[in-house]
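Sequence first, then the predicted structure, then my questions.
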Amino acid sequence: KQWYQRRVRAVLARAKEFEKAEEEETHRPIEGQLLKWTNVVKGWQQRWFFLSPDVGLLHYFLSEDKKLMGPRGSLRLIGAVVQPSGEDQLMFSIVPQQGDPYKLKAATAKDKQVWIDRIRRVIERHTSDVNTLVKAAAATMPGQQQQHLS
């Protein structure tokens, strides 16, 4: 019985280590090259992407060496949805609450999954933060308090 309890504690401690490592990774920016669908005339174009987890934005630049010129575009990830493509194993889309979706392609299936996982974690984090703030604000509104008191 003691062996079993020690084993369970060891497994739980390891799970906490994984959870902490995942949380730290979620806060680290990720950047790299992806193909972005621009339009029917130009088609797929190589772009340099930068995921900024702390502010919940995905920026893209014409190329890595043009980052100093500022982003060509940015996508707000709060409330967005990431969808893997059914038509291409390297393609995925990000559909924001407002604005046009980004249709993207990674170089490998592994790269695609890394981008999808990291973007989803950022979306989850920022969307839940907003929901928490909205609930807290609603709870402190005078009209709300009066309703609870009467």
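Done, it's in. Numbers count the residues shown, from 1 in each chain.

what's the distance between the spatially most central residue of the chain and Gln89?
In the chain, the C-alpha nearest the mean C-alpha coordinate belongs to Ile119, at 2.3 Å (Cα atoms, centre = their mean). For Ile119, the distance to Gln89 equals 17 Å [Cβ to Cβ, to the nearest Å]. C-beta coordinates here come from the backbone N, C-alpha and C atoms, glycine included.

can you give me phi and psi for Glu64?
Per-residue torsions, Glu64: phi -60, psi -40 (degrees, to the nearest 10).

Run a quick neighbour tally on the closest residue to it other than its chain neighbours.
Among residues not flanking Glu64 along the chain, Trp48 sits closest, at 4.4 Å (Cβ to Cβ, 6 or more residues apart in numbering). Neighbourhood size, Trp48 [other Cβ atoms under 10 Å]: 20.

Just to check, Trp48 is in contact with Met69?
No: between Trp48 and Met69 there is no contact under Cβ atoms under 8 Å: 11.2 Å.

list residues touching both of those two?
Taking Cβ atoms under 8 Å, 6 or more residues apart in numbering as the contact rule, Trp48 and Met69 both touch Phe61, Leu62.

re earlier: how about the nearest residue to the residue nearest to the centre of the chain, chain neighbours excluded?
Once flanking residues are discounted, Ile119 sits nearest to Val82: 5.3 Å by Cβ to Cβ, 6+ apart.

Whichever strand or helix holds the one you found: which residues count as buried?
Assessed by DSSP states H and E, Val82 sits inside strand 81-84. For strand 81-84, burial by neighbour count (16 or more other Cβ atoms under 10 Å) applies to Val82.

how about the next helix-or-strand element following it as PDB, C-alpha atoms only?
Next in sequence after strand 81-84, counting helices and strands by DSSP H and E, comes strand 91-95. Extracted in PDB, the C-alpha atoms of strand 91-95 (Å, rounded to 0.1, in the frame of the first residue of the first chain):
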ATOM      1  CA  MET A  91      -3.100  23.900 -44.100                       C
ATOM      2  CA  PHE A  92      -5.200  25.500 -41.300                       C
ATOM      3  CA  SER A  93      -7.300  28.600 -40.900                       C
ATOM      4  CA  ILE A  94      -7.700  31.100 -38.100                       C
ATOM      5  CA  VAL A  95     -11.200  32.700 -38.000                       C
END
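
Output the contacting helices and strands for strand 91-95.
strand 81-84, strand 102-105, helix 109-139 (3 or more Cβ pairs under 8 Å, 6 or more residues apart in numbering; DSSP states H and E).
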